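A.B. asks: Give me the fold of what follows.
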Amino acid sequence: MKVVLIDDERPALLRLKDLIAATPQPLEIVGTANTGSAALDLMHRVQPDAIFLDIQLTDMTGFDLLAALTINPFVIFTTAYQDFALKAFDYYAIDYLLKPIQQVRFDVAIEKLTALRTQTASNSFAVLDQWMKQQTQRAHAFPIKEKDRILLVDFEEMAYLKAADKYVTLQLKNGKQHLLSKTLQQLALELPPSFIRVHRSYIVNKTFVYEIQRFFKARFILKLNDQQRSSITTSEKYAEVVKLAFSI
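C.D. replies: Residues are numbered from 1 along each chain as shown. Here you go, the predicted structure:
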């Protein structure tokens, strides 16, 4: 089974290599990457069966990377953060390993990977989808704290999020706005796959994008069909994410 290791810390990559070398299952490491952009290029070249993915990379989150992929490898998260396990299942992750990873726990994940790969080889991703639905119920709304109450805003109502000063503004499709105290980086880890980071100051719900215009320096202008007919210019840093997310 061909695997790719993605982590921005060299000791973590070395630890994964040691874990793979010690597992009885036949895994072939066909590449490693320490940034999201490098990982995207690598994976589309080598077409791995599975990837071991850290959540916090230097240029994007692991979730940003998966949202931009046009291939469907099995995903095992390897992270120091325990708070994002539920979101990981939105991306069909088959396991969520907390660092420091122990060999016994790693072998359990590999056994699960091997079993699922055997089943899906003859039944596409239907088996995996059924298995995932048994693991978790996906949230449909985003909680927003306002004084002594909590509003639940449906993800389908959220057009984009913009960071400014110490706050993030959530723009709804009906024109209403909400101020959030979390950072854009934190929110990027909590939102479902339809939300992609396109700029250091913007996360966009890609289901609202109806037109994309090329801009200079590998940037794009995204036209949204919210009430405001918003227009968002992406940054060069996220060009590859945007191109892959929209297949352009």
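A.B. asks: Which residue ranges make up the domains of this structure?
C.D. replies: Following automatic domain parsing, one gets these domains for the chain: 2-135, 141-245.
A.B. asks: Now for the chain, the helix or strand with the poorest mean pLDDT.
C.D. replies: helix 126-135 (a mean of 49; mean pLDDT, DSSP states H and E).
A.B. asks: Show me how far the helix ranked longest in the chain is from its chain's centre.
C.D. replies: Identified as the longest helix of the chain according to DSSP state H is helix 103-123. A distance of 21 Å separates the centroid of the chain from that of helix 103-123, by C-alpha atoms, centre = their mean, to the nearest Å.
A.B. asks: Relative to residue 109, how far out is residue 244?
C.D. replies: As judged by C-beta to C-beta, to the nearest Å, residue 244 and residue 109 stand 26 Å apart. In this view, the C-beta of every residue, glycine as well, is placed from N, C-alpha and C.
A.B. asks: Looking at the two, which is more packed in?
C.D. replies: residue 109 (21 against 18; other C-beta atoms under 10 Å).
A.B. asks: how near is the more buried one to residue 88?
C.D. replies: 12 Å.
A.B. asks: contacting residues around the residue at minimal distance from the centre of the chain?
C.D. replies: In the chain, the C-alpha nearest the mean C-alpha coordinate belongs to residue 63, at 1.2 Å (C-alpha atoms, centre = their mean). Each residue near residue 63 by C-beta atoms under 8 Å, 6 or more residues apart in numbering is listed here: 55, 84, 87, 91, 188, 189, 193.
A.B. asks: likewise residue 183?
C.D. replies: By C-beta under 8 Å, 6+ apart, the contact list for residue 183 reads 163, 168.
A.B. asks: and residue 103, how many neighbours?
C.D. replies: Residue 103 sits with 11 neighbouring residues when counted by other C-beta under 10 Å.
A.B. asks: okay, and for the chain, where does confidence drop off?
C.D. replies: Along the chain, segments meeting pLDDT under 70 span 86, 119-140.
A.B. asks: go with 80
C.D. replies: Along the chain, segments meeting pLDDT under 80 span 81-92, 115-141, 146-149, 165-166, 189-190, 193, 244, 247.
A.B. asks: tell me the residue furthest from the middle of it?
C.D. replies: Relative to the C-alpha centroid of the chain, counting by C-alpha atoms, centre = their mean, residue 148 is the outermost residue, at 31.8 Å.
A.B. asks: In terms of helices and strands, where is residue 145?
C.D. replies: For residue 145, the host element (DSSP states H and E) is strand 141-146.
A.B. asks: relative orientation of the helix or strand that comes right after that strand and strand 141-146 in degrees?
C.D. replies: Later in the chain than strand 141-146, the nearest helix or strand by DSSP H and E is strand 149-154. Interaxial angle of strand 149-154 relative to strand 141-146 (axes from the mean of the first three to the mean of the last three C-alpha atoms, to 10 degrees): 150 degrees.
A.B. asks: Strand 149-154: how far from the chain's middle?
C.D. replies: Once both centres are worked out by C-alpha atoms, centre = their mean, strand 149-154 turns out to sit 23 Å from its chain's centre.
A.B. asks: Help me confirm that residue 172 comes into contact with residue 154.
C.D. replies: No: using C-beta atoms under 8 Å, residue 172 is not in contact with residue 154, being 9.4 Å away.
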